[in-house]
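>>> Quick one, what's the 3D model for this:
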Amino acid sequence: MRGSKPMTASALALATAWISLAASQALGATLTVKAGESIQAAVKRALPGDRIEVEPGLYKETVFIDKDGIELSGIVRGGQWPVLDGENKLNDGVLVSGHGVTIERLWVKRYKGNGIMTQGSNNYRIAYNVVEGPCFYAIFPQFGKNGLVTHNVAFGSEDAAIYVGMSDNVDVVHNQTYASIIGIESENSHDILIENNYVHDNVVGIATTMLPALPVKSSDRIIIRNNIVARNNMKNTAPPGAITAGAPPGLGILVLGTDHTTVEGNLIRDNDGVGVMVSETNFLVTTPDDRMDPFPDSTQVLRNVFLNNGSNPQGTLRDLLDIAGVERGVDVLATGKGRDHCIADRLALTTLGTRNFADCAPGTTSAAVASMQTAKPVVATPFTADQKGRLTYLAVCTGCHTYNSKLVGPPMVVIKALYGKDEQRLADYIAKPVRKRPDYPEMPSQDYLPEDIRLAVARYILSELSH
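The predicted model follows:
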């Protein structure tokens, strides 16, 4: 890990911006939630800019925050935390669509979907939480700008423990992730810093990915720096059909289709497959998408420490090495048609497929980039009702429903046929569902969503959703 250094001008500006934001929030009232009370009830009472303090205790609910500037802060006293427990019944722990929201010091566990999720939120801060599976994503910011995910412990995810999806200007720093399919993933995102994290005992340690069939068609400027990436050899238990089901265990760092990705200063050790892999998207995903470039360009593998990687490659990694006549021990593996890559310390590494990598120029480093966050908070335009409906659908509904195939719940095309244009009836069902089909589990109630949001979701499903 790096030693302390004088604060740069950009870091000082960023710190000042966050202090200003915190000061504006501090002008609001403080609401206290005690054990046995409802956090969501406090959110409903709160005004933008208020602080909600949650006392130690057990809370079995979903918390939905659609107001700006809310600070949801747990109080840890004598080792006792405020614990949100989904009991493997509820879908989401904390769901945020407001801007400038802070979520800190909560212990979130056993939610079927996401532990902590932001959807369309800018200027968020997710800090000092423990998020425990089983869950799909433990911490999942999506469609947001200017975020900070720091000092969290996340484990037991059926996909990624920390998953930054289709976002810009996010720092993921000082976290610990383990016992998940992927420790930390950046997907179809831009200007992401993944630094000083301890990522261990997952299937894949850190992945930056460019995936097809998503609204964002590019991924650029990712820095993976000064992390400990160790022993990511867990058996892959992702469900068949999931994208992650094809990920071979033992991958330390995966660069999948993203551009201008820098891997620098990491300790990469004891990953049984490969230390670092640079590959095109269809190494894992074969879904066609003519509007995206699946090949990674301008990857920089700078100076890192590689120790004892590649001792037991499996699955597709084993197949690739067999074709090349290499048995084991590869630090850096590259496939595909990517361009303009470079690698440092080539003679000190065992590599395969890096013949078209240039030697990185002496002194090449990403050290000048102290943060990927913006110097000032992003101006956040209030969402329209239609936008709220779409974002809430993506955040809440897509964990169990697809458009035309069976997932956990029935396909949306069936729901559209069942309800026609009756938005109110669907909105009422979302709040108080009853089991109608023996071949599907009972849908959990989404009554934490305000009535206008439920109606906006129903309108989006019945009038706009088409694929």
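>>> Quick check: which ranges of this protein have low pLDDT?
Scanning the chain for pLDDT under 70 picks out the ranges 1-26, 399, 406-407.
>>> Okay, domains of it per the record?
Domain segmentation of the chain under automatic domain parsing yields 136-359, 385-464.
>>> can you tell which of the ones you listed is closest to Gly86?
Among the domains of the chain, domain 385-464 comes nearest to Gly86, with 8.8 Å by CB to CB. For the C-beta atoms, the positions are set from N, CA and C on the backbone; glycine is no exception.
>>> Most distant residue from the centre of the protein?
Gly325 (36.4 Å; CA atoms, centre = their mean).
>>> Taking the centroid of this protein, which residue is nearest it?
Nearest to the mean C-alpha position of the chain, counting by CA atoms, centre = their mean, stands Tyr163 at 1.3 Å.
>>> then the helix or strand hosting Ile224 to PDB, C-alphas only?
Per DSSP states H and E: Ile224 is located in strand 220-225. The C-alpha trace of strand 220-225 is given here as PDB (Å, rounded to 0.1, in the frame of the first residue of the first chain):
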ATOM      1  CA  ASP A 220     -13.200   3.500 -20.800                       C
ATOM      2  CA  ARG A 221     -10.600   4.800 -18.400                       C
ATOM      3  CA  ILE A 222     -10.500   2.300 -15.600                       C
ATOM      4  CA  ILE A 223      -7.600   2.200 -13.100                       C
ATOM      5  CA  ILE A 224      -7.000  -0.900 -11.000                       C
ATOM      6  CA  ARG A 225      -4.300   0.100  -8.600                       C
END
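>>> Walk me through which strands the helix or strand that that strand is followed by pairs with, and which way each runs.
Per DSSP H and E, the first helix or strand lying C-terminal to strand 220-225 is strand 228-230. According to DSSP bridges, strand 228-230 has the following sheet partners: strand 198-200 (parallel), strand 267-269 (parallel).
>>> for this protein, what spans make up the helices?
For the chain, applying DSSP state H gives helices covering 9-26, 39-45, 315-324, 385-392, 412-419, 423-431, 451-459.
>>> how many other residues sit next to the nearest residue to Asn91 once chain neighbours are set aside?
Spatial nearest neighbour of Asn91, excluding adjacent residues (CB to CB, 6 or more residues apart in numbering): Gly113 at 4.0 Å. Residues lying near Gly113 (other CB atoms under 10 Å) number 24.
>>> now do Val83
Here the number of neighbours of Val83 (other CB under 10 Å) works out to 20.
>>> separation between it and Glu55?
Using CB to CB, to the nearest Å, we find Val83 at a distance of 11 Å from Glu55.
>>> and if you look at Gly36?
Taken as CB to CB, the span from Gly36 to Glu55 is 10 Å.
>>> neighbour-wise, which of these two wins?
Taking other CB under 10 Å, Gly36 and Glu55 do not tie; Glu55 has more neighbours (17 against 9).
>>> For the more buried one, what are phi and psi?
Torsion angles at Glu55 (phi, psi; degrees, to the nearest 10) stand at phi -70, psi 160.
>>> Give me the nearest residue to it, chain neighbours excluded.
Leaving aside its chain neighbours, Glu55 sits nearest to Lys34 (4.8 Å; criterion: CB to CB, 6+ apart).
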